[in-house]
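In: just coords:
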């Protein structure tokens, strides 16, 4: 009776990582194409969307810092 060595699946893992990277590149390409199409079809709408998004992002950031300060004041 002969024992075989366990085979490693390094090529399978490498192939899976390549597929994941290809999928990420594909999603990035679709996002870039969508933004480009949106910018071409409705540039003012994209500017309004970006402005509103930045404003909401700033509001969330200030709310996070205020909550952190309140938490630390209650803690000490």
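Out: That came through fine. For clarity, every value in this text was computed on a predicted model and none was experimentally measured.
In: quick one: the helices in this structure, in order.
Out: With DSSP state H as the criterion, the chain has helices at 10-41, 43-75.
In: looking at these, which has the lowest confidence?
Out: Of all the helices of the chain, helix 10-41 carries the lowest average pLDDT, namely a mean of 80.
In: now that helix against helix 43-75, angle please.
Out: 120 degrees (axes from the mean of the first three to the mean of the last three Cα atoms, to 10 degrees).
In: outline the domain layout of this protein.
Out: 8-41, 43-76 (automatic domain parsing).
In: centre of the chain to the first one, how far?
Out: Averaging C-alpha positions (Cα atoms, centre = their mean, to the nearest Å) puts domain 8-41 12 Å from its chain's average.
In: flag every buried residue along it.
Out: Residues of domain 8-41 classed as buried by neighbour count (16 or more other Cβ atoms under 10 Å): none. C-betas here are computed from N, CA, C, even on glycine.
In: separation between residue 39 and residue 31?
Out: Applying Cβ to Cβ, to the nearest Å, the value for residue 39 to residue 31 is 12 Å.
In: cool, residue 43 as well?
Out: Distance from residue 43 to residue 31, by Cβ to Cβ: 17 Å.
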